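# Below are the sequence and a predicted model; questions follow.
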Amino acid sequence: MKKTLIAAAVMAGMAGAAHAQSSVTLYGIMDMGYLYSKTDGMKARNAFDSGLQSDSRFGLRGSEDLGNGLKANFLLEAGINVDDGTSSQSSLFNRQSWVGLSSSTLGEIRLGRQFILGSQFFTNIDPFGTTFRQAGMGSTFIAANQVRNSNSVMYFTPTWAGFQAAIGYSFNRSSTETPIAGTNNRAITSGVRYANGPVEVALTYDQVEPATGGGVGKSTQLGGTYDFGVVKLHAAVADQRNAAVNVGDVPGWNGRFADKTLSYMVGASAPVGPGSLFGSYQKAQDWDIKGFSVGYTYPLSRRTNAYAFYSDIDNVGNYGQAAARDIGTRQFGVGLRHAF
């Protein structure tokens, strides 16, 4: 039975019969692998971990045709720890949960918990996509590190000749809104991207006004790729100011602080054999974080692949501590990823 029919049956049992013009799809990723991680001055960690290439998840997405080119859409997405079967977030659908309307001529509006544009628009700019642990550009680009805003409204324009723009606002990105002054973490996200032929370019601006006071966190990112066929080149640069207030629920960044930094990343990806070889070098100049990473994915089918990666990053998790500037972390991972 097709997965869309299965998901529709599940939703029907939860909320009654589905509309004849509605569709609901169950989807997900199951990713599991071996990870070796060694930080200078500490013992090595050997583990079977979930979500090395991509965070493991399952979700429900659906739409209803309202006529005249207008659709109602929703998405619910939950994180999973495949190694022990537990949730990887504090609540069930903490990865994403939104509802909205879309039109081919007017664009789309979404309401709920969503990825900021610094994360959405840079998925293809980073040769490592959205994770591969510290190998991803999230090690030096905070806004690209799968950051989400709760209580947000976002608008996406239609795509015109490869161009698309978007903007969003959150009344409190990290918890429930309150009427008390100075208790809401308000946030703005905005961006524009162009993807046509061999070229993809993205420019984003994200801002957080922390409820606790202090400086407003700002992150401006510019990046792009060019596909020559035999090799694709990747590059990105970011100006990040009072960046610590931007981190919110990003694992590994809590407690960090720096007034500002210039970050950049250069990388390449290329088909090698049946799979893809990719690598990058990244640096956050004023945080003294830098390093290189390389990875390979091997397709076993249209939806299943094996992968391996190695990453050597200096000072991850230790910036701002002068005595820890030479501390580095090396990671090696190999695993299996299945999408359904």
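Nice, thanks for sending it over.
# Please count neighbours and contacts with C-alpha atoms only from this point.
Fine.
# Could you check stretch 179-197 and say which residues are buried?
Buried residues in stretch 179-197, defined by neighbour count with 16 or more other C-alpha atoms under 10 Å: 183-195.
# Y205: what secondary structure?
Here Y205 is recorded as strand under DSSP: H, G, I helix; E, B strand; the rest coil.
# And it, how far from A161?
22 Å (C-alpha to C-alpha, to the nearest Å).
# Next: S54.
Applying C-alpha to C-alpha to S54 and A161 gives a distance of 30 Å.
# Tell me which of the two has more neighbours.
In this view S54 and A161 are compared by other C-alpha atoms under 10 Å, and S54 has more residues nearby, 20 against 9.
# quick one: the more buried one is in a strand?
No: using three-state DSSP, the assignment for S54 is coil, not a strand.
# which residues touch it?
29, 31, 130-132, 337 (C-alpha atoms under 8 Å, 6 or more residues apart in numbering).
# What's the separation between the nearest residue to F171 once chain neighbours are set aside and G168?
Distances taken as C-alpha to C-alpha, 6 or more residues apart in numbering put R186 closest to F171, at 4.9 Å, once the chain neighbours are dropped. Using C-alpha to C-alpha, R186 is found at 11 Å from G168.
# swap in L106?
Distance from L106 to G168, by C-alpha to C-alpha: 16 Å.
# who has more neighbours, these two?
G168 (22 against 14).
# For ChimeraX, what selects the buried ones among the contacts of S54?
Buried members of the contacts of S54 can be picked out in ChimeraX with the line below, counting by 16+ other C-alpha under 10 Å:
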select :29,31,130,131,132,337
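# and of the contacts of S54, the nearest to T225?
T130 (15.6 Å; C-alpha to C-alpha).
# can you pull the contacts of the nearest residue to that closest one once chain neighbours are set aside?
Ranked by C-alpha to C-alpha, 6+ apart and with sequence neighbours excluded, the top spatial neighbour of T130 is T123, at 5.8 Å. Taking C-alpha under 8 Å, 6+ apart, we find T123 in contact with 129-130, 144.
# any idea how far I29 is from S190?
From S190 to I29 the distance is 28 Å (C-alpha to C-alpha).
# Surely F128 is in a strand?
No: counting by three-state DSSP, F128 is not found in a strand; it is coil.
# Was I right to think it contacts S276?
No: look at F128 against S276 with C-alpha atoms under 8 Å: they stay out of range, at 10.9 Å.
# Name all residues that make contact with S119.
Contacts of S119 (C-alpha under 8 Å, 6+ apart): 143-147.
# the helices in the stretch 1-150 of the chain, which residues?
Taking DSSP state H, counting those that start in this stretch, the helices of the stretch 1-150 of the chain run over residues 3-15, 117-120.
# weakest of these by average pLDDT?
Among the helices of the stretch 1-150 of the chain, helix 3-15 carries the lowest mean pLDDT, a mean of 47.
# hang on, isn't L203 packed against V237?
No: counting by C-alpha under 8 Å, L203 stays clear of V237, with 9.8 Å between them.
# shaky segments in the stretch 101-250 of the chain?
213-214, 243-250 (pLDDT under 70).
# how about a cut-off of 90?
Within the stretch 101-250 of the chain, the stretches with pLDDT under 90 are 130, 174-178, 180-183, 210-216, 242-250.
# and for L203 and V237, which residues touch both?
With contacts taken as C-alpha under 8 Å, 6+ apart, L203 and V237 have 221-223 as neighbours in common.
# if we can go back for a sec, for the buried residues of stretch 179-197, work out which two are farthest apart.
Using C-alpha to C-alpha, the two most remote members of the buried residues of stretch 179-197 are T183 and A195, lying 38.9 Å apart.
# that older thread, could you dump the shared contacts of L203 and V237 into CSV and include secondary structure and neighbour count?
Formatted as CSV, the shared contacts of L203 and V237 follow (DSSP: H, G, I helix; E, B strand; the rest coil; neighbours: other C-alpha atoms under 10 Å):
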residue, secondary structure, neighbour count
Q221, strand, 25
L222, strand, 21
G223, strand, 23
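# Distance to N315 for the residues you listed - can I get that in CSV?
What follows is the shared contacts of L203 and V237, written out as CSV (distance: C-alpha to C-alpha, whole Å):
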residue, distance to N315
Q221, 22
L222, 24
G223, 24
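# Return the member of those residues nearest to G229.
Top of the list for closeness to G229, among the shared contacts of L203 and V237 and by C-alpha to C-alpha, is G223 at 19.1 Å.
# Against G33, how distant is the closest one?
According to C-alpha to C-alpha, G223 and G33 sit 30 Å apart.
# D259 now?
Separation of D259 from G33 (C-alpha to C-alpha): 37 Å.
# Neighbour count for these two, which is higher?
Between D259 and G33, counting by other C-alpha under 10 Å, G33 is the more crowded of the two (21 against 13).
# give the contact list for the nearest residue to that one once chain neighbours are set aside.
Once flanking residues are discounted, G33 sits nearest to G335: 3.7 Å by C-alpha to C-alpha, 6+ apart. G335 makes contact with 31-34, 52, 306-308 under the criterion C-alpha under 8 Å, 6+ apart.
# No more questions from me, cheers.
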